[in-house]
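Chemist: Here you go, sequence then predicted model.
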Amino acid sequence: MLRIINKITILGLFLISGVVNGQFIDNYGLRAGVGLSNQYWEYKFVGFENFSGWKEYKLGPIIYLNAEKKILEYFSIRTELGYNQKGFADEIYFVNDKLEGEVILHNISLNIGGKVTPFRTKLKPYIIIGLRGDYLISYKDFEVQYNGETQTIYGGELDDYKEFVLSGLIGIGLEYNELIYLDLEFNPAITKNLDNQGLSIKDKYFAFTIGLNINNLITKKE
C-alpha cells in the first residue's frame, strides 16, 4: 500500500509542478491531519431491522496535495489528491469474551470544491462546497484469535464493497497571511459502500487538518 501512496504522491507533485510552471494555478500546498469516520449498516431482511445502526467512530490519518485557482475576487476552485483512512470501530462478543477492534479502509481520494473567501484580511475565514471521490485500495478486517488461528469478522461484506464511492464536501477554514490554514470538513455519503438485497452500508466522515501554501512559503523565503 505504501508503494501505491508513494506513486500517487510523486505523480501529484509532478502534475502540480507542471501546472505551476505553466501558471495555471495561484496556490499549491499540502495539508494533513486526522479524520473521524463511521458507517451505518442497514439490514433489510425481516426480523433483522433491530440490528441496523451506526458503528463506533474511529480515528485515522489524512493527507492531501492541493492546487487552487482563483476565478473571481472572492471565489476560487481547489482540487486535491491524497490519502485518507476510513472505516469504523466495533465491539463484539466472541466465545463469551467482549472484543474490541477496527475495520480499516485505505483510500486514495480526489476532491474538487468551490472556495469562497469573503474577506481580504490577514486572517481570512472561508467555506468550501464540493465533491469527494474515494477509491478503495485495500482494507484490514476486524480480527480475533480463536484456537490459535486468526478469524476475520466482516470479510464477506468487505469483499463486496464498491471500489469507488462519492460523497459531499462541506468545509470551513481559516487562513493566516496566505501561508498557513486550518480546515474542518464533513463528508456525507452520496453513494453507498455496499447495497444488496440484505444489507446497505454508507459512511460519514469528519476531518481536521493543518495546511501550508508551499508556493507562498518559497516566495516569502526569497
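Modeler: Structure's in. What do you need?
Chemist: next SSE after whichever strand or helix holds Leu105?
Modeler: In this structure, Leu105 sits in strand 97-116 according to DSSP states H and E. Counting by DSSP H and E, the next helix or strand C-terminal to strand 97-116 is strand 123-140.
Chemist: For the spatially most central residue of the chain, which non-adjacent residue is spatially closest?
Modeler: For the chain, Asn84 is the residue whose C-alpha lies nearest the centre (C-alpha atoms, centre = their mean; 4.3 Å). Spatially, and ignoring its direct neighbours in sequence, Asn84 is nearest to Ile62 (4.4 Å; C-beta to C-beta, 6 or more residues apart in numbering). (Each C-beta comes from the backbone N, C-alpha and C, glycine too.)
Chemist: Who does that neighbour form a beta bridge with?
Modeler: Per DSSP bridges, the residues bridged to Ile62 are Gly33, Asn84.
Chemist: Confirm for me that it is in contact with Thr209.
Modeler: Yes - using C-beta atoms under 8 Å, Ile62 is in contact with Thr209, at 6.2 Å.
Chemist: what's the overlap in contacts for the two?
Modeler: 32-34 (C-beta atoms under 8 Å, 6 or more residues apart in numbering).
Chemist: Quick one: which of these is the most crowded by neighbours?
Modeler: Gly33 (18 neighbours; other C-beta atoms under 10 Å).
Chemist: Contacts only, for it.
Modeler: 61-62, 183, 207-210 are the contacts of Gly33 under C-beta under 8 Å, 6+ apart.
Chemist: Can you give me the pLDDT of it?
Modeler: With respect to pLDDT, Gly33 has a value of 98.
Chemist: what about it, distance to Pro61?
Modeler: Using C-beta to C-beta, to the nearest Å, we find Gly33 at a distance of 8 Å from Pro61.
Chemist: next one: Gly156
Modeler: In terms of C-beta to C-beta, Gly156 sits 27 Å off from Pro61.
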